[in-house]
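Chemist: no FASTA, just this:
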């Protein structure tokens with residue numbers, strides 16, 4: 001027992017020792033990805049500590065309207081006298097919640113759908129692909145608008161709409177990955193050894209499909225944040241009193257000449273977060289895709 005504890009402790013120490021050189025190598029060879037990672041980390045920390053970082057309440061109209069940026073209000077106040085800095089900080093929490101939840105649900109459902117359809121093939125694959133083709137035939141924003149019009153305005157309904165939007169892309173991507181993986185030797189060996197179909201799917205195909213899943217996950221969080229902002233801007237996303245970056249842009253549409261800071265700061269937040277997520281997603285793709293590893297910036301220096 002003592003020997004097992006010692007071996008486990010030594011293994012954890014070796015993993016920690018291997019983590020830091022890998023992180024330093026990533027920072028050195030993926031400078032843009034590192035910048036994106038820092039931006040994403042700041043978004044996460046802002047969302048977690050929003051109650052302590054925001055100087056005022058995000059929904060309280062307790063100040064004079066249209067106050068320009070100053071020492072007391074670094075980003076000014078909006079048309080209702082609410083502190084814009086506080087609303088931008090709380091908007092990070094809403095955007096991260098919507099992005100993570102919808103992407104987790106949509107990509108997981110779509111990935112399982114694509115993997116199962118590709119593995120069994122035949123009529124199952126043909127029918128599933130026709131459904132995917134039907135969903136992908138609609139422009140994403142039009143489909144999102146139709147879903148929100150049917151579901152109604154709320155944050156949870158935004159998550160449902162985004163989940164439905166993300167399922168077809170994940171299903172098609174993981175289907176193509178599974179078509180190549182299921183022909184590999186280790187899958188054939190598992191099948192010859194008598195493993196069940198579900199054991200092969202969850203123990204062999206699914207773990208080896210994580211690379212495209214991780215890339216899709218990172219990139220589509222940015223996509224989900226943009227779509228949520230667009231729906232809120234059009235009045236079909238989060239309710240007006242919720243601190244949504246898109247909703248803040250809607251409120252600023254009629255006051256751009258009088259108070260441009262009302263639109264500038266939430267717009268900058270959206271652009272910065274999407275920029276960081278795209279940089280991080282591209283870097284992760286270069287790391288996990290062996291076809292790009294020898295061509296991109298993550299190439300080992302000999």
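Modeler: Looks like it came in fine. In this text the structure is predicted, and so the values were computed from the model without any measurement.

Chemist: buried residues in stretch 163-173?
Modeler: Of the residues in stretch 163-173, 163-173 count as buried by neighbour count, 16 or more other Cβ atoms under 10 Å. No exception for glycine: its C-beta is placed from N, CA and C like everyone else's.

Chemist: need the helices for the stretch 151-300 of the chain, in chain order.
Modeler: Ranges of helices within the stretch 151-300 of the chain are 155-181, 185-192, 197-200, 210-233, 245-252, 261-288, 290-293, based on DSSP state H, counting those that start in this stretch.

Chemist: and those helices: which comes nearest residue 35?
Modeler: Among the helices of the stretch 151-300 of the chain, the nearest to residue 35 by Cβ to Cβ is helix 261-288 (5.9 Å).

Chemist: and that closest one, what does it pack against?
Modeler: Secondary-structure packing of helix 261-288 (3 or more Cβ pairs under 8 Å, 6 or more residues apart in numbering; DSSP states H and E): helix 31-48, helix 84-120, helix 210-233, helix 245-252, helix 290-293.

Chemist: residue 95 contacts residue 274, doesn't it?
Modeler: No: with contacts counted by Cβ atoms under 8 Å, residue 95 stays clear of residue 274, the gap being 10.0 Å.

Chemist: so for the two, which residues contact both of them?
Modeler: Residues touching both residue 95 and residue 274 by Cβ atoms under 8 Å, 6 or more residues apart in numbering: residue 225.

Chemist: how close does the residue nearest the centre of the chain get to residue 163?
Modeler: Taking Cα atoms, centre = their mean as the criterion, residue 221 is the residue nearest the geometric centre of the chain, at 1.8 Å. If you measure residue 221 against residue 163 using Cβ to Cβ, to the nearest Å, the figure is 13 Å.

Chemist: what of residue 93?
Modeler: Distance from residue 93 to residue 163, counting by Cβ to Cβ: 19 Å.

Chemist: then residue 104?
Modeler: For residue 104, the distance to residue 163 (Cβ to Cβ) stands at 9 Å.

Chemist: go on, residue 24?
Modeler: Distance, residue 24 to residue 163, by Cβ to Cβ: 37 Å.

Chemist: now do the buried residues in stretch 71-87.
Modeler: 73, 75-78, 82-87.

Chemist: before we move on, what about stretch 256-270?
Modeler: Quick answer for stretch 256-270 (16+ other Cβ under 10 Å): 259, 261-267, 269-270.

Chemist: between those residues, which is nearest residue 248?
Modeler: Nearest to residue 248 out of those is residue 266 (Cβ to Cβ; 4.0 Å).

Chemist: what sits against the closest one?
Modeler: Here residue 266 is in contact with 84, 87-88, 91, 245-246, 248-249, 252 (Cβ under 8 Å, 6+ apart).

Chemist: quick check, residue 166 in contact with residue 103.
Modeler: Yes: between residue 166 and residue 103 a contact is recorded at 6.3 Å, counting by Cβ under 8 Å.

Chemist: what's the overlap in contacts for the two?
Modeler: Common neighbours of residue 166 and residue 103, using Cβ under 8 Å, 6+ apart, are 220, 224.

Chemist: ok so, going back, of residue 95 and residue 274, who's got more company?
Modeler: Neighbours were counted for residue 95 and for residue 274 using other Cβ atoms under 10 Å; residue 95 has more, 28 against 18.

Chemist: now that one: closest residue in space, sequence neighbours ignored.
Modeler: residue 225 (4.8 Å; Cβ to Cβ, 6 or more residues apart in numbering).

Chemist: just residue 129 next, same as before
Modeler: residue 117 (7.1 Å).

Chemist: got it, and residue 85?
Modeler: Closest residue in space to residue 85, ignoring its immediate chain neighbours: residue 75 at 4.3 Å, by Cβ to Cβ, 6+ apart.
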